[in-house]
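K.L.:
Below is the sequence, then the predicted model.
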Amino acid sequence: FLKPVSRSDVLDYMKVLSRISMDLQTMLKEVKAKQYKSKCEFKDDLDLMWSNCFVYTSTEVPSPPHPRH
């Protein structure tokens, strides 16, 4: 999450994901450059990062069970 995914280290990353990748380093650069126009844009990138994580890892390992209510 800290840095962009290295395509040489994770060859199938972009094959699994249909969207762009996102990481905290990229988000920090955008914050410092004041590229986010709203909190919603920041949250969208954060959500994208989490979504990419879940999509990619769901092809690798079983997902945890859902909590019972």
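P.N.:
Perfect, thanks for sending it. None of the values given here were measured: they were computed from a predicted structure. Numbers count the residues shown, from 1 in each chain.

K.L.:
which residue is nearest the centroid of the protein?
P.N.:
Nearest residue to the geometric centre of the chain (CA atoms, centre = their mean): Met49, 1.7 Å.

K.L.:
I figured that residue was touching Lys3, is that so?
P.N.:
No - if you go by CB atoms under 8 Å, Met49 and Lys3 don't touch, sitting 11.7 Å apart. In this view, the C-beta of every residue, glycine as well, is placed from N, C-alpha and C.

K.L.:
Spit out the residues that contact these two alike.
P.N.:
Common neighbours of Met49 and Lys3 (criterion: CB atoms under 8 Å, 6 or more residues apart in numbering): Asp23, Leu24.

K.L.:
Skip the chain neighbours and tell me the closest residue to the residue nearest to the centre of the chain.
P.N.:
Spatially, and ignoring its direct neighbours in sequence, Met49 is nearest to Met22 (4.2 Å; CB to CB, 6 or more residues apart in numbering).
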